[in-house]
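K.L.:
how would this look folded up:
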Amino acid sequence: MCELFNRYENEIEDCCMANGLDFDKARKMVKCWNNEHIFLQYFDENNDGKMGLLDEEPMPVVLKIYISNNTLTFEKTENTDRYLLS
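P.N.:
Numbering: from 1, shown residues only. Have a look, this model is predicted:
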């Protein structure tokens, strides 16, 4: 689990609620992170993987969260509404 997401969970939930995004979906998404950002990514659970490497494609980034001096900045992507709208 992403400790950084857990640390800022309340702020992320507030952002989701203020923008009509489903925080429960956001919480369950795949997370890519370092000390300065968290990227939420969509993973298709219905992909059965029968085609091996041909099934693999990059998971789309759904929401970008930047962290600077304990302040969060959120950036929507072209996939935000598709995968996170309430």
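K.L.:
residues contacting residue 18?
P.N.:
By CB atoms under 8 Å, 6 or more residues apart in numbering, no residues touch residue 18. The way it works is simple: take the backbone N, C-alpha and C, and place the C-beta from them, glycine included.
K.L.:
Look up how far residue 60 lies from it.
P.N.:
According to CB to CB, to the nearest Å, residue 18 stands 23 Å off from residue 60.
K.L.:
Show me which helix runs longest in the protein.
P.N.:
helix 9-18 (DSSP state H).
K.L.:
next SSE after that one?
P.N.:
Next helix or strand after helix 9-18 toward the C-terminus (DSSP states H and E): helix 23-28.
K.L.:
Parallel or antiparallel, which strands does the lengthiest strand in the chain pair with?
P.N.:
In the chain, taking DSSP state E as the definition, the longest strand is strand 61-68. According to DSSP bridges, strand 61-68 has the following sheet partners: strand 37-41 (antiparallel), strand 71-76 (antiparallel).
K.L.:
what residues are up against the nearest residue in space to residue 22 that is not next to it in sequence?
P.N.:
Excluding the flanking residues, the one nearest residue 22 by CB to CB, 6 or more residues apart in numbering is residue 86, at 4.7 Å. Residues near residue 86 by CB under 8 Å, 6+ apart: 20, 21, 22.
K.L.:
Now distance to residue 73 and pLDDT too, for the residues you listed, in a markdown table please.
P.N.:
Listed next are the contacts of residue 86 as a markdown table, based on distance: CB to CB, whole Å; pLDDT from 0 to 100:
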| residue | distance to residue 73 | pLDDT |
| --- | --- | --- |
| 20 | 18 | 95 |
| 21 | 15 | 97 |
| 22 | 20 | 97 |
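K.L.:
which one among those residues gets closest to residue 66?
P.N.:
Distance ranking of these against residue 66, using CB to CB, places residue 21 first at 16.6 Å.
K.L.:
which ones are touching that closest one?
P.N.:
Here residue 21 is in contact with 15, 63, 80, 84, 85, 86 (criterion: CB under 8 Å, 6+ apart).
K.L.:
Hmm, residue 13 is touching residue 24, no?
P.N.:
No - between residue 13 and residue 24 there is no contact under CB atoms under 8 Å: 9.4 Å.
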